[in-house]
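In: task: produce atomic coordinates for the following.
(one chain, ligands or ions: 1)
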Amino acid sequence: MGIDATGAMLAEARRLVARENVRNVGWHQGDAYALPFADGTFDIVSCRFAFHHLEEPARAFAEMVRVARPSGRIVLSDAFASDDPAKAAAFNAMERHRDPSTVEFRPLAFLVGLYAIVGLPEPELRFYQVPAERERVLAMAFPEGGDRAGLRAMLDASVEGDTMGLGARWDGDTMRFAYRLVRTFFAVKR
Ligand SMILES: C[S@@+](CC[C@H](N)C(=O)[O-])C[C@H]1O[C@@H](n2cnc3c(N)ncnc32)[C@H](O)[C@@H]1O
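Out: Residues are numbered from 1 along each chain as shown. Below you'll find the predicted structure:
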């Protein structure tokens, strides 16, 4: 089962599984804070790239744990912000401009801490990066007021001193950076 609040995202998910000829997936349009499933339903409950859209991530995480079966697995993937509050704030300002539905990219410790809030030990962590190139990011952005020039300026200004913590750098005329992501997972013991 897959769930998302947005019909367009579910349509994309349906297209993807059809292309891959996957037949054993169902889709629900719904809310991460109120999953329409009974307690202990799933072996694995995962969420990718959505927690930075949530005002109350701990509440959504508790819902993920609720619908996992005893000894099920909880997997959470998202990008995380720098531990340096100034860099995190600059990154979040850019991301909110790029996509106004962004609430906040939190530091790694916040994501890991969600497990402690629901009484689970620290999860295992896997780190990876998603490389990005400024003009490709701009082409896919929907900034407030269509302000791509402002978004470009924010990104360019981050190179000197790496002020967003994204490792932004010039590669000739091309500006590159990378999102830092973590996949946290833990087998729930209840
Ligand atoms: C960046 S997209 C990631 C989509 C997908 N999970 C993936 O990995 O490609 C973030 C998604 O979170 C969804 N979302 C945000 N708040 C939500 C909520 N409260 N309940 C369910 N989905 C939500 C949005 O509709 C959006 O499709």
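In: I'd like to know how many residues surround the nearest residue to V159 once chain neighbours are set aside.
Out: Distance criterion C-beta to C-beta, 6 or more residues apart in numbering; nearest residue to V159, sequence neighbours excluded, is A168 at 4.7 Å. Just so you know, the C-beta spots here come from the backbone N, C-alpha and C atoms, and that holds for glycine as well. Per other C-beta atoms under 10 Å, the neighbour tally for A168 reads 21.
In: for the most centrally placed residue in the chain, give its distance to G172.
Out: The residue lying closest to the centre of the chain (C-alpha atoms, centre = their mean) is F49, at 2.3 Å. Distance from F49 to G172, counting by C-beta to C-beta, to the nearest Å: 30 Å.
In: rewinding a little: quick check: phi and psi at the residue nearest to the centre of the chain.
Out: Note on F49: its backbone torsions stand at phi 60, psi 30 [degrees, to the nearest 10].
In: for it, give its distance to V130.
Out: 10 Å.
In: hmm, back to that, which ones are touching the residue nearest to V159?
Out: Contact analysis of A168 by C-beta atoms under 8 Å, 6 or more residues apart in numbering lists L155, S158, V159, D162, M175, R176, F177.
In: for S46, same thing?
Out: For S46, the contact set (C-beta under 8 Å, 6+ apart) comprises I74, V75, L76, S77.
In: which two in those are spaced the farthest apart?
Out: I74 and S77 (11.2 Å; C-beta to C-beta).
In: the top strand by length along the chain pairs with which strands, parallel or anti?
Out: Counting by DSSP state E, the longest strand found in the chain is strand 174-187. Strand pairing for strand 174-187, determined by DSSP bridges: strand 68-79 (antiparallel), strand 124-133 (antiparallel), strand 169-171 (antiparallel).
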